[in-house]
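**Q** Give me a 3D structure for the following:
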Amino acid sequence: MSHWNTYVKYSYQVILEAEHTTGIQLDHDTEAYVVHLFANYLDYPNLNKDPVCIRYLESLTKPTKVKKELLKNVGDECLLIYGLDLGRPRWPSNGYYQDLGQMAYLSLAHASTPAEIFFEELADKFDLIGQIIKKCKA
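**A** I've put the predicted structure just below:
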């Protein structure tokens with residue numbers, strides 16, 4: 001993370017511009033999450049290297065702490081792939097990454113008691129966030 005602050009500043013500008021262009025306004029916490037997700041992608045752009053469905057299924061047999069980390073990674077990667085249209089010809093269906101990403105965030109939300117509402121909301125807003133991320137690639 002050699003240029004993390006630069007990536008965050010750039011990501012924040014890009015996300016704000018995309019929100020303005022789409023007319024979608026995310027709440028502060030979701031916006032901050034997406035900014036950091038996008039900044040992390042700029043620092044480590046390797047996505048779609050391993051099948052996310054296999055990683056999702058493997059996460060379900062892990063201890064809670066590991067499971068939560070794996071599910072978050074799967075949800076985040078699916079959101080970026082969905083938003084950036086990466087690897088579209090290889091998609092099994094149009095809704096594959098959206099469905100899998102939402103499932104990962106919901107599974108993550110309910111891996112704790114009580115459920116982590118933030119990740120339920122990410123699952124609910126998955127398409128809206130994806131529309132914002134789509135505007136970031138232009």
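**Q** Please name every helix or strand in contact with the helix or strand containing Glu19.
**A** Using DSSP states H and E, Glu19 sits within helix 4-22. Using 3 or more C-beta pairs under 8 Å, 6 or more residues apart in numbering; DSSP states H and E, the elements in contact with helix 4-22 are helix 28-43, helix 126-136. From N, CA and C alone the C-beta is placed, and that goes for glycine too.
**Q** can you tell me which of the ones you listed comes nearest to His20?
**A** For His20, the closest of the helices and strands packed on helix 4-22 is helix 126-136, at 9.2 Å, according to C-beta to C-beta.
**Q** And the contacts of that closest one?
**A** 14-15, 17-19, 21-22, 24, 26, 30, 34, 38, 79-80, 82-85, 98, 101-102, 105, 122 (C-beta atoms under 8 Å, 6 or more residues apart in numbering).
**Q** Which of those residues are buried? Put it as a PyMOL command.
**A** In PyMOL, this line selects whichever of the contacts of helix 126-136 come out buried by 16 or more other C-beta atoms under 10 Å:
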select buried, resi 14+15+18+19+26+30+34+38+79+80+82+83+84+98+101+102+105+122
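**Q** Tell me the spacing between His110 and Asp29.
**A** Distance, His110 to Asp29, by C-beta to C-beta, to the nearest Å: 19 Å.
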